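Asker: structure of the sequence below:
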Amino acid sequence: MKKSSRELALASARAKLYSIAGGSHDSGDPRASRMTLAQRIDFIDSKEFRDYIAAERDADVTPFWKKDVDKTQGAGDVFTFMFKHRADNGMFSPRQLKEVSDFLRARSALKRPRLKNLTPYALLAQWQAHEEGGEGVEMMEFWRVYWKAQLGLTREEKLAQVASFAPSYAAKVFPGVREENQLLTEVGVEVVIVSNGDQELAIAISPYLGVKPQNVVGSHLKYDDKGVSIGVNHSYEVFGDDWLVRPQPGKNLSFHYWLHANRKRFFRDRINEDRFVIVGRDGDSGSTDGGMMIHGHPATIGNFMVEVPGEPGRVLKFQQMMAKYGWTCGNCITLVQEPSRTGFLPD
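Answerer: Next up is the predicted model:
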């Protein structure tokens, strides 16, 4: 059967990609392909990739590229940076400080010696201790306190706080990320941030990533009829120890919901699966991002597994999970990011 112009353009783009990264689309080996961000930028700017995106656009098909944020486009976890920014600038109300101290006091009962410092800085120190391999607060525990410590914020206060923080995030962005996202947009790809993190915060930092603010998916605060926060809206994470070693479906569901909410931007009326393609996906976590990569539409160009600077074990876990659960493992490509100007810890 004669191939369409879209199929021919995709085949040409893939051939170009694997001539750089090694491996092949059907190798079945998630370790076979590897490239730097600078190499991928050159690929995106190539005639082959541009021709492929043009062919999709000419067929009235919208190309999307889904990307995580933390440890994927920038160093560390942005909500820990935001938490410290709030502490440094006295942005916690007495009620919010009590949420932090109550959590630390409850944990202190399990420790010897008991904790005496029950401030936001103590919580950050406990999280950092765990990150460095010691006793302390795990990321998911920190995450729950992060949201509880925003109870009572008005919508205006929340937006003002994330706006005041956002410029400082520029130093955490991996070199070349902003330029690549802007190039993808210029070529005709809709770059979408898909995160389980704080959507209002991700929107505030999106200009520093070169992503349209309207192309951000995440969790966010709920507000009452007076505009006062009453908690987080949802979590698409599936909790339980079993899901720490399985590909999470949450981000794919989150993207689908966002696509439905934005359907008039791309489909006129309802979502039409024939009218969009997932060009690529970037992530750093085998469970949360691995699920994004194997659930739903296959990526036409690649699922890019970020080799997080200073954390080589993450990409190994990613590869092991894809080898077990992935469909087209040759479509998994290790992406080497350069370190940001500052490290993964809050400054």
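Asker: can you give me the buried ones in the lengthiest helix in the chain?
Answerer: Scanning the chain for the longest helix, with DSSP state H as the assignment, gives helix 5-21. The neighbour-count check on helix 5-21 (16 or more other C-beta atoms under 10 Å) flags 6, 9-10, 12-14, 16-18, 20-21 as buried. Yep, even glycine has a C-beta here, placed from its N, CA and C like the rest.
Asker: how about a markdown table for the residues you listed, with pLDDT added?
Answerer: Shown next, in a markdown table, are the buried residues of helix 5-21 (pLDDT from 0 to 100):
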| residue | pLDDT |
| --- | --- |
| Arg6 | 93 |
| Ala9 | 97 |
| Leu10 | 96 |
| Ser12 | 97 |
| Ala13 | 98 |
| Arg14 | 96 |
| Lys16 | 98 |
| Leu17 | 97 |
| Tyr18 | 97 |
| Ile20 | 97 |
| Ala21 | 97 |
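Asker: what sits against the residue most central in space within the chain?
Answerer: Nearest residue to the geometric centre of the chain (C-alpha atoms, centre = their mean): Asp68, 1.6 Å. By C-beta atoms under 8 Å, 6 or more residues apart in numbering, the residues touching Asp68 are 193-195, 251, 282-285, 288-289, 292.
Asker: do Thr300 as well
Answerer: Neighbours of Thr300 in contact, by C-beta under 8 Å, 6+ apart: 10, 52, 277-280.
Asker: ok, and the most crowded of the residues you listed?
Answerer: Sorting the contacts of Thr300 by how many neighbours each has (other C-beta atoms under 10 Å) puts Tyr52 first, at 29 neighbours.
Asker: OK, contacts around that residue?
Answerer: 6, 9-10, 12-13, 300.
Asker: can you tell me which of those residues is closest to Met35?
Answerer: When the contacts of Tyr52 are compared for distance to Met35 (C-beta to C-beta), Ala13 wins out at 14.0 Å.
Asker: isn't the closest one right next to Asp51, touching?
Answerer: Yes. Applying C-beta atoms under 8 Å, one finds Ala13 in contact with Asp51, separated by 7.3 Å.
Asker: any low-confidence regions in this protein?
Answerer: 1-2, 108-116, 234-237, 239-241, 244, 329-330 (pLDDT under 70).
Asker: pop the domain breakdown of the chain in here.
Answerer: Using automatic domain parsing, the domain parsing of the chain gives 5-75+173-336, 78-167.
Asker: quick one: end-to-end distance for the longest one.
Answerer: So the one you mean is domain 5-75+173-336. With C-alpha to C-alpha, to the nearest Å as the measure, domain 5-75+173-336 spans 32 Å from end to end.
Asker: with stretch 275-290 instead?
Answerer: 24 Å.
Asker: isn't Met139 up against Lys71?
Answerer: No. Here Met139 does not reach Lys71: they are 11.2 Å apart, not a contact under C-beta under 8 Å.
Asker: how many neighbours does Glu307 have?
Answerer: Glu307: 19 neighbours (other C-beta under 10 Å).
Asker: next up, phi/psi of it, please.
Answerer: phi -80, psi 100 (degrees, to the nearest 10).
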